[in-house]
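J.: take a look and give me a structure for this.
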Amino acid sequence: MITLRPARERGHAEHGWLESWHTFSFAGYHDPLHMGFRDLRVINEDRVQPGRGFGTHSHRDMEILSYVIDGALEHRDSLGNRSVILPHEVQRMSAGTGVSHSEWNGSRAELVHFLQIWILPEREGIAPGYEQRLFPPEEKRGRLRLVASRDGREGSVILHQDVSVFLTLLGPGACAEHPLRAGRHAWVQVARGRMELDGRPLAAGDGAAISGESAVRLEAKDESEALVFDLA
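T.: This next block holds a predicted model:
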């Protein structure tokens, strides 16, 4: 079964400095039909104005992934990390017993466009942690590149949950397929471009929940970028 989540039906928040689209319930947007999917709890598509950002705030017991589509996102946290997240880099922050952090667009002219993703951890109270890794375009071109996993295989960042996250860059007509073991589920999130999921059209911002299928099959209609989550 494939259930589409059209971009236009997501929750929307406009704060002037921040425009955010919520795939699942978040902050002031509450939809009991869209509280998450399996252990995937949040996918926010955020656009941050130049010179603005998220002030210091705290989280607990959540695996948080950030993926920049355009621009550069500055990060600071209570673990002592200071970094700039650029396109093709994946940041993982395990909030665990508690971490405070801030994100900022240091540019004077360019928006930051990024995805903020929350995954429920396998247990509460783990030690906070941080990773950031580059996955160059050539590693994602025409294939699904593993970027986050429970065991850190293939150089992926480590998640404290039975979830694997893949990224792909596909040119027009290119295809990618991910097999699903029995009892596994998947979520597809299109970051840019247009593609088809088993013949169903998807565009930037669209998502899809997949259950009871043997594989995730993607075909790009133009230059496209997507994330695939393999979930228990």
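J.: could you report the neighbour count for the closest residue to Asn81 other than its chain neighbours?
T.: Closest residue to Asn81 apart from its sequence neighbours, by Cβ to Cβ, 6 or more residues apart in numbering: Tyr130 at 5.0 Å. Any C-beta I mention is one placed from the backbone N, CA and C, and that applies to glycine too. Neighbourhood size, Tyr130 [other Cβ atoms under 10 Å]: 18.
J.: quick one: what helix or strand has Tyr130 in it?
T.: Tyr130 is part of strand 129-134 when elements are defined by DSSP states H and E.
J.: which residues touch the residue of the chain positioned farthest from its centre?
T.: Distance to the chain centre peaks in the chain at Arg108, reaching 25.5 Å (criterion: Cα atoms, centre = their mean). When contacts are counted by Cβ atoms under 8 Å, 6 or more residues apart in numbering, Arg108 touches 50-51.
J.: let me know the pLDDT of it.
T.: Model confidence at Arg108, given as pLDDT, is 93.
J.: surely the residue nearest to Asn81 is in contact with Arg92?
T.: Yes - in this structure Tyr130 lies within contact range of Arg92 using Cβ atoms under 8 Å: 7.1 Å.
J.: specify the beta-bridge partners of Ile85.
T.: Taking DSSP bridges as the rule, Ile85 bridges to Leu73.
J.: ok so, going back, any idea what the residue nearest to Asn81 is bridged to?
T.: Beta-bridge partners, per DSSP bridges, of Tyr130: Met93.
J.: does Glu139 sit in a helix, a strand or a coil?
T.: helix (DSSP: H, G, I helix; E, B strand; the rest coil).
J.: give me the neighbour count for it.
T.: Neighbourhood size, Glu139 [other Cβ under 10 Å]: 16.
J.: with adjacent residues omitted, what lies nearest to it?
T.: Glu139's closest residue in space is Arg145 (Cβ to Cβ, 6+ apart), at 4.9 Å.
J.: could you do Arg38 as well?
T.: Arg38 sits nearest to Leu231 (Cβ to Cβ, 6+ apart), 4.0 Å away.
J.: next: Gly36.
T.: If the residues on either side of it in the chain are set aside, Gly36 comes closest to Phe24, at 4.9 Å by Cβ to Cβ, 6+ apart.
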